[in-house]
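Enquirer: Pasting the sequence and the predicted model now:
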Amino acid sequence: MAVTRRVLAACFALVALVAAGCSRESDADEAPPIDTAARDLGAASVQRDQVYAQRDTGTLKLDLFLPAKRATPTPLIVYVHGGGWDAGVRTLDADPAAPEALTAQRLLEHGYAVATVDYRLTGAAQYPAQVVDVADAVRWLQGRAGEWQLDADRVGLWGASAGGHLVSQLGALTGNPDKPGGGLTGVRAVVDWFGPADMSAEAEAAHPRMQEYARRVIKQLLGCMPVECPARAESASPIKNLSGDEPPFLIQQGTADSLVPIDQSLDFARDLRKLGVTVEMHPYEGLDHGFGRGPHNTLIVDTVAAFVETHV
């Protein structure tokens, strides 16, 4: 009898286990796995690996994260990655806890489409190839706005580090179509995360850290040290290309940035204000290049979301 009870108990346990397994499988059919949802940043759909340009060095692609459909066309934020112009990838959702991913997710929740784009790195081409590529990506998306119900006249540019430099340069050149990357239309705002704004010989001399930064990456970007090619260095510096026609700027940087001196952002904001451009400058006490992780990212994300909602 005891054996029979043990056998019956084992059978009941097996039935319960199978039933539980079926229940979990049914739940999985109703909602995507957590890792998939995180990878998509909560987007309603993702258009990955869209080829927007073909160069001699290869194809340039972008990923487009789309929110739930709206009754009106969807405004667009274009993100440009960092990496010293010689490294980095466009993948925005590889680390869901990174400030870039958190910001993109918030923007999607608020009804914005977010695109993240390739550009030629300095191992393939020197400046101005990078701003030309990003400008072409923006125009490609605007040209296909109807396909994804995007609003081509409501575009925001957002970039980090080297990407911050590129979107700042494109913002500075919106009123100058004769310069490489210049003349973009529909750009309502620029969000610059700790991007270098001044690569001139004067900036290099004024900041020892910029001298090291120039030796490591700016020389690769320009093909020369700023002191060797001052005109080229100034042409690639957003702060040297301002006209007063720029869209509103949000500049965010840590005061303990070990790569780009905080003075770069402070001076850039000052010069924008002198020309009457709307600018918000947010220095974050003690934060290094890249912001890192922590509770401070909530404030950073909140600030971006509020700025974008106001201007884009």
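Expert: On my side now, so go ahead.
Enquirer: contacts, neighbours, all on C-alpha from now
Expert: Noted.
Enquirer: Going along the chain, name the strands of the chain.
Expert: Along the chain, the segments classed as strands by DSSP state E run 45-55, 58-66, 74-80, 113-117, 150-160, 187-193, 249-254, 279-284.
Enquirer: same for the second one, what does it pack against?
Expert: This points to strand 58-66. For strand 58-66, the contact count by 3 or more Cα pairs under 8 Å, 6 or more residues apart in numbering; DSSP states H and E identifies strand 45-55, strand 113-117 as packing neighbours.
Enquirer: How far off centre is the longest one?
Expert: With Cα atoms, centre = their mean, to the nearest Å as the basis, strand 45-55 stands 16 Å off its chain's centre.
Enquirer: Then the last one?
Expert: In terms of Cα atoms, centre = their mean, the gap separating the centre of strand 113-117 from the centre of its chain is 8 Å.
Enquirer: Dump the strands of the chain into TSV; add distance to Val138 as well.
Expert: Below are those laid out as TSV (distance: least, Cα to Cα, whole Å):
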stretch	distance to Val138
strand 45-55	9
strand 58-66	10
strand 74-80	7
strand 113-117	9
strand 150-160	9
strand 187-193	9
strand 249-254	18
strand 279-284	22
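Enquirer: Of all the ones you listed, which one comes closest to Arg215?
Expert: With respect to Arg215, and counting by Cα to Cα, the nearest of these is strand 150-160 at 20.2 Å.
Enquirer: who does that closest one pair up with?
Expert: Taking DSSP bridges as the criterion, strand 150-160 forms sheet pairs with strand 74-80 (parallel), strand 187-193 (parallel).
Enquirer: quick one: contacts of the last one?
Expert: Translated: strand 187-193. Outside strand 187-193, the residues within contact range by Cα atoms under 8 Å, 6 or more residues apart in numbering are 153-161, 164-165, 167-168, 171, 174, 247-253, 304, 308, 311-312.
Enquirer: what do you get if the cut-off is 6 Å, keeping everything else the same?
Expert: Strand 187-193 is contacted by residues 155-160, 164, 247-253, 312 when judged by Cα atoms under 6 Å, 6 or more residues apart in numbering.
Enquirer: Same check on stretch 198-206?
Expert: Taking contacts as Cα under 6 Å, 6+ apart, the residues outside stretch 198-206 that touch it are Met210, Gln211, Pro226, Val227, Ala233, Glu234, Ser237, Ile239.
Enquirer: Going by neighbour count, which residues of it are buried?
Expert: Asp198, Met199, Ser200, Ala201, Ala203, Glu204 (16 or more other Cα atoms under 10 Å).
Enquirer: how about the third one, phi and psi?
Expert: As for Ser200, its main-chain torsions (degrees, to the nearest 10) stand at phi -70, psi 170.
Enquirer: Apart from its neighbours in sequence, what residue is nearest Asp95?
Expert: Excluding its sequence neighbours, the residue lying closest to Asp95 (Cα to Cα, 6 or more residues apart in numbering) is Ala101, at 6.8 Å.
Enquirer: Now do stretch 109-129: distance from first to last residue.
Expert: 33 Å (Cα to Cα, to the nearest Å).
Enquirer: How far does stretch 237-249 stretch from one end to the other?
Expert: End-to-end distance for stretch 237-249, by Cα to Cα: 16 Å.
Enquirer: what is the rounded mean pLDDT of that stretch?
Expert: Averaging pLDDT along stretch 237-249 yields 98.
Enquirer: which residue sits closest to Gly183, ignoring its sequence neighbours?
Expert: For Gly183, ignoring the flanking residues on the chain, the nearest one in space by Cα to Cα, 6+ apart is Pro177 at 3.8 Å.
Enquirer: Going along the chain, name the helices of this protein.
Expert: All helices of the chain, identified by DSSP state H, fall at 2-30, 34-39, 99-109, 129-143, 145-148, 162-172, 201-206, 208-213, 219-222, 230-235, 262-274, 296-311.
Enquirer: Need the nearest residue in space to His289, chain neighbours excluded.
Expert: Going by Cα to Cα, 6+ apart, His289 has Asp257 as its nearest residue, at 4.6 Å.
Enquirer: That neighbour - how many residues pack around it?
Expert: A count of nearby residues for Asp257, using other Cα atoms under 10 Å, gives 18.
Enquirer: what's the spacing between the nearest residue to Arg154 once chain neighbours are set aside and Arg188?
Expert: Computed as Cα to Cα, 6+ apart, the closest residue to Arg154 that is not its neighbour in sequence is Pro75, at 5.0 Å. Applying Cα to Cα, the value for Pro75 to Arg188 is 10 Å.
Enquirer: likewise Ala124?
Expert: 31 Å.
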